[in-house]
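A.B. asks: Please work out how this folds:
(chains A and B)
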2 protein chains.
Amino acid sequence: MRIECIAIGSELLTTRRLDTNSVWIAERLAALGLGLHRKTSVGDQREDLAELCLEAFQRSDLIVCTGGLGPTFDDFTKEVWADRFGVPLQEDPQCREVLVAWYAQRNRVPPPANFKQVLFPVGSEPLANPLGTAPGVWWERGGKRIVLLPGVPREMKRMWVDHVEPRLKPGAGGALHSRRLVVGGVPESALDQRTEAVRATHCDLEWTILAGLTQVELILRGRDPKALDAAQADLEVELGEDLARVGEGDLEEAVLDLLKARGETLATAESMSGGLLAARLTAIPGASGAFVGGAVVYTAAAKVALAGVDTALISRHGTISEATALALARGIRERLSATWGLAITGNAGPSLDTGGSNRALGDCIVAVAGADQFETRSFAMPGERQDIQLRSTAWALDLLRRMLAGGLAPKR
Amino acid sequence: MRIECIAIGSELLTTRRLDTNSVWIAERLAALGLGLHRKTSVGDQREDLAELCLEAFQRSDLIVCTGGLGPTFDDFTKEVWADRFGVPLQEDPQCREVLVAWYAQRNRVPPPANFKQVLFPVGSEPLANPLGTAPGVWWERGGKRIVLLPGVPREMKRMWVDHVEPRLKPGAGGALHSRRLVVGGVPESALDQRTEAVRATHCDLEWTILAGLTQVELILRGRDPKALDAAQADLEVELGEDLARVGEGDLEEAVLDLLKARGETLATAESMSGGLLAARLTAIPGASGAFVGGAVVYTAAAKVALAGVDTALISRHGTISEATALALARGIRERLSATWGLAITGNAGPSLDTGGSNRALGDCIVAVAGADQFETRSFAMPGERQDIQLRSTAWALDLLRRMLAGGLAPKR
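C.D. replies: Residues are numbered from 1 along each chain as shown, chains lettered A, B, ... in the order given. As a prediction, the model looks like this:
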C-alpha cells in the first residue's frame, strides 16, 4: 500500500511553521507496519493543491491531507477534492447541529463563514472533531482512500486515533511493536560495533540507532513481542551498566527514578552549564521527589558564597579543575543536606572567565559526591557553546547514574 | 518563477529527522523576493525519486534537491537526474583531486565508494563543498535550473551562499529587506489590535506576527529600507516600553545588553522554573559579563540555605507568595553581591510541593530587587508543566527589562 501525506498551508513553506503532523502520522503508520512513501507541503494556491491532488490520487492508495478545513477564503481542501471527482459539496445536518451546539456552549452563534465547515463532498463521510469546529473527511474512491484532517496538531491527532486508525488494516505482517533503549556514555560508532553481534542474531528485527547530543537510543521494531524480549535480554548482557533505560524517558528520568527507589536526594552546582542541569531535572514531573535544589555559580565569588568552596582552593587549582568540581559537589551537598552533590565546571566559550585555569574550549569536569564516596571525570567536548553545555549535563547525569546503579567501584 | 524543494532520504519520512533544509532555503529565497511553491520529502526508493524528478521538471523553473549525494548504495540523486535526461555520468578530474587531498589531509586515502561522489551528469557543473566530500551540482536544461546539494545542513548552507545565491536573480521587484521586533508582555491578539493603525499606514510592507510561548515577534518585509525605518519609528511610538528589542536576539539578550550598558550585574533565585531562567541567560555567549549566578531553590530548606530567606516568613506567607518571591530576590542579590536579584516562585504542577500556599496550577510570582527599588508581579498561566516553566522565565525577564529600561516608576 502506497501512502502519502499532504500538508496544506502557505505558512508551511516559510520558517514560521514546520509540518510536524506528517512526522507524527509516519510514526503511527510505522506502528501498524505501514510505511510513508512521500510527504509534500503546499501553499494556499488553489491550482497548486489541485495539481497535487491529481497526481497523488494516481500514484497512492491512501492520501492523508492536513489543513485547509477552516472557515476562511484560503481553506478549500474539500472543494479541491470534490472538483477532482466532479461532485458537489452538500451540508451534513448532523455536523451542522454539532457546530451550532459548539458555539451555543460558548454563548455564541456560529459566524456565517463557519457553515462552510459542515459541507462535504457527496459520497464522503464526515469525521467528528471533538476539539474544534472543523470536521474531517473519509472518502473511498476507486479502491483508494482519501483522508482530510484539520491542520491543528491536537485536533488532527485525536481524530487520527478516533477515526482513521480503526479503519486502517495493519500491514501484511501485522502490527509492529517497538522497544526503546537509552544508552549513556557510549558514542554512536562504538555502540554500532558493540551491538553488531546482537543485531546479527536478531536480524528479523528492524534496528535503528539514534544519536543525539546527550545520549544514544536504540529502537527495535518487530512483529513478535517475544523476539523483542529476547533481543533486549541479549542487549542487557552486552551493554551492562551502559544501558541507562528501557522504555520512555531519558537520562534525567533514569537518575530521578534511581534516586527515588533508593530514597535519596540530589543537589547540583553548575558553572559552565549555567542551570541547564537543574532545568533538565526539574522539567520532569515529580522531580521534587528527589531533587532539592542547586546553585548556578558562574563567578568564583558565587562558588564561595553558594557552595562554600574555599577561596584558597580555587586560587590553587583554578575554577576549572577536578579539585574545584569536587569541592562544588561536596559543598552543595552539605548546604542542601542532600544525599548526593553533582557538579559541573568547564569552558563552554567564548568569553567565560576560566579563572586562570587556562583550559581549552570544550573542556569539562563533572564530579559526584556522596556521604563516603566520590567520582570526578574530565571530558573534551566538540561543538558550540550550547552543545557543550548540553553535553556536559549528560556526562554529569550519566556519571551519577552509574554510581547509583552500583556499576562503579566507589572512591572513598 | 516557480521554485520547489525536494528533500531526499528515508529518515525524512520518519520521526528521526525533519527536513529543516527546505525551511532555511525558503527564508533565503524570501530575502531575494522569491517564493517557494512546494516542498516534498521522498525516501530512498529510486523509482519514487525518479517519478518526482519527472513531475518537478515539468512544473517548476528552479528545483533544489538536498540529500542523496553520499557514497553509499542508497545515494543516487545524480544518477536519477542523469537518467531523466538520458545522459551519462562522467568523472570531474578537479573534483577527484580535491577528494584525494581531503583524505590526504586526514592521512587517509578515499574509500573506493567515495569516488562515486566525483561523477557528474555530462553538461552539469560541479559545485565545490568546502566542508565535506560531496560536491553539489548546478545544471541548466531547457531554460530550467536544477540544483543538487548535500543533505548535511552545514554543508548545504555554505554551498547555497557560495554558489547558488550568486546565480539567482532577485524577484521582479528586487531584494526584500526585513526587520524584526521583539515585544514582551503583550499577547498576540492585543498586539494585533495595537499595531492595526501602523500596519494600515505601512500597507506596502509585508507583516507577520509570530507568537511564541515567551514573546511575540513582528517581522516586517519590504523592498525599500526607508519604508522599514518609517514603520519601525511608528511602532516605537506605539509600543513604547513593550518593544523589547529590534534585530536578532530575544528577551534574554535584551536584559543582558541593558545590564552591560549600565555596568550592572544580575543574580537569580528560582523555585518553579528550576534553573531554566539561569540556563536561558547563560546560553547566550558573553552572559558572564552581567550574570554572576543563581540558586535553584526547590524546597523551603533550599530557600533558606541558598537565598537566606527567613523560615518564619515562609511559614507565614507560604512558599508561593509575593513576600517569599521578594525575599528570594533580595536574598540572592545580597549573597552574590549583584546589582539586581530576580526570583520566580509558583506552581508548575503536577506534584510540586506548594508549601501550604494552596496556589492553583500555573500561578506564578516574579520579583525584582535592586538596591533601593523592587517590583513583584503575579500571573496565572495556562499550559503544561514545561510551558508554565518557560513562560514564567519570560515574565521574569520582561519585568526586569522594563525596570532597566526605566519604564516602571520604582517602588522603594
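A.B. asks: Can you point out the buried residues in the worst-scoring helix or strand of chain A on mean pLDDT?
C.D. replies: Among the helices and strands of chain A, strand A:206-211 carries the lowest confidence by mean pLDDT, DSSP states H and E, at a mean of 75. Buried residues in strand A:206-211, defined by neighbour count with 16 or more other CB atoms under 10 Å in any protein chain shown: A:Trp207, A:Leu210. For glycine as for every other residue, the C-beta is placed from the backbone atoms N, C-alpha and C.
A.B. asks: Are the next helix or strand after that strand and chain B in contact anywhere?
C.D. replies: As assigned by DSSP states H and E, the chain's next helix or strand after strand A:206-211 is strand A:216-222. No - against chain B, strand A:216-222 shows no contacts by CB under 8 Å from any CB of the partner chain, the least distance being 8.7 Å.
A.B. asks: helices or strands next to strand A:216-222 in the packing?
C.D. replies: strand A:177-183, helix A:188-194, strand A:206-211, helix A:225-239 (3 or more CB pairs under 8 Å, 6 or more residues apart in numbering or on different chains; DSSP states H and E).
A.B. asks: hey, which of those is tucked in deepest?
C.D. replies: strand A:177-183 (a mean of 19; mean count of other CB atoms under 10 Å in any protein chain shown).
A.B. asks: partners of it in the sheet?
C.D. replies: strand A:216-222 (antiparallel), strand A:243-246 (antiparallel) (DSSP bridges).
A.B. asks: now the closest residue to chain B within the stretch 51-200 of chain A, nearest residue through space, not along the chain?
C.D. replies: In the stretch 51-200 of chain A, the residue that lies nearest chain B is A:Glu55 (6.4 Å; CB to the nearest CB). Once flanking residues are discounted, A:Glu55 sits nearest to B:Glu55: 6.4 Å by CB to CB, 6 or more residues apart in numbering or on different chains.
A.B. asks: A helix includes that neighbour, no?
C.D. replies: Yes - if the criterion is DSSP: H, G, I helix; E, B strand; the rest coil, then B:Glu55 is within a helix.
A.B. asks: That one: neighbouring residues, count only.
C.D. replies: 16 (other CB atoms under 10 Å in any protein chain shown).
A.B. asks: Same question for the one 4 residues further on.
C.D. replies: Burial of B:Arg59 is recorded as 15 neighbouring residues (other CB under 10 Å).
A.B. asks: is it true that it touches A:Glu51?
C.D. replies: Yes - assessed by CB atoms under 8 Å, B:Arg59 is found in contact with A:Glu51 at 7.0 Å.
A.B. asks: ranges for the helices of chain A?
C.D. replies: A:21-31, A:46-59, A:77-84, A:93-105, A:153-159, A:188-194, A:196-201, A:225-239, A:251-262, A:276-282, A:300-307, A:311-317, A:322-335, A:385-404 (DSSP state H).
A.B. asks: Low-confidence stretches in the stretch 51-200 of chain A?
C.D. replies: A:172-173 (pLDDT under 70).
A.B. asks: Around chain B, pick out the residues from it.
C.D. replies: Looking at chain B, the residues of the stretch 51-200 of chain A close enough under CB under 8 Å from any CB are A:Glu51, A:Leu52, A:Glu55, A:Arg59.
A.B. asks: For B:Val237, state which of those residues is nearest.
C.D. replies: The closest of these to B:Val237 turns out to be A:Leu52 (CB to CB; 45.0 Å).
A.B. asks: That closest one reaches A:Ala7, doesn't it?
C.D. replies: No - assessed by CB under 8 Å, A:Leu52 is found out of contact with A:Ala7, at 10.7 Å.
A.B. asks: which residues are common contacts for those two?
C.D. replies: Residues touching both A:Leu52 and A:Ala7 (CB atoms under 8 Å, 6 or more residues apart in numbering or on different chains): A:Thr40, A:Val42.
A.B. asks: care to break chain A down by domain?
C.D. replies: Structural domains assigned to chain A are A:3-167, A:177-246, A:251-404, following automatic domain parsing.
A.B. asks: from those, which stretch is densest packed?
C.D. replies: It is domain A:251-404: most buried of the domains of chain A by mean count of other CB under 10 Å, with a mean of 23.
A.B. asks: Run the chain-centre distance for it.
C.D. replies: Put simply, domain A:251-404 sits 24 Å off its chain's centre (CA atoms, centre = their mean, to the nearest Å).
A.B. asks: about what we covered before: does the least confident helix or strand of chain A reach chain B?
C.D. replies: Yes - remark: strand A:206-211 sits within contact range of chain B at A:Thr208, A:Leu210, by CB under 8 Å from any CB.
A.B. asks: between that strand and strand A:177-183, how big is the angle?
C.D. replies: 30 degrees (axes from the mean of the first three to the mean of the last three CA atoms, to 10 degrees).
A.B. asks: next one: strand A:206-211 to chain centre, how far?
C.D. replies: The gap between where strand A:206-211 is centred and where its chain is centred comes out at 15 Å by CA atoms, centre = their mean.
A.B. asks: in its sheet, what does that strand sit against?
C.D. replies: Applying DSSP bridges, one finds strand A:206-211 paired with strand A:216-222 (antiparallel).
A.B. asks: where are the low-confidence patches of the stretch 251-400 of chain A?
C.D. replies: Checking the stretch 251-400 of chain A against pLDDT under 70 turns up A:351-358.
A.B. asks: Let me see the contact set for A:Asp204.
C.D. replies: Applying CB under 8 Å, 6+ apart to A:Asp204 gives the contacts A:Gly222, A:Asp224, A:Ala227.
A.B. asks: Can you check the pLDDT for it?
C.D. replies: With respect to pLDDT, A:Asp204 scores 89.
A.B. asks: That one and chain B: what is the separation?
C.D. replies: 20 Å (CB to the nearest CB, to the nearest Å).
A.B. asks: can you check A:Ser288 too?
C.D. replies: Using CB to the nearest CB, A:Ser288 is found at 6 Å from chain B.
A.B. asks: Kindly report the same for A:Asp48.
C.D. replies: Distance from A:Asp48 to chain B, by CB to the nearest CB: 6 Å.
A.B. asks: Show me what the closest residue to that residue other than its chain neighbours is bridged to.
C.D. replies: Closest residue to A:Asp48 apart from its sequence neighbours, by CB to CB, 6+ apart: A:Val42 at 5.2 Å. According to DSSP bridges, the residues that bridge with A:Val42 are A:Ile8, B:Arg38.
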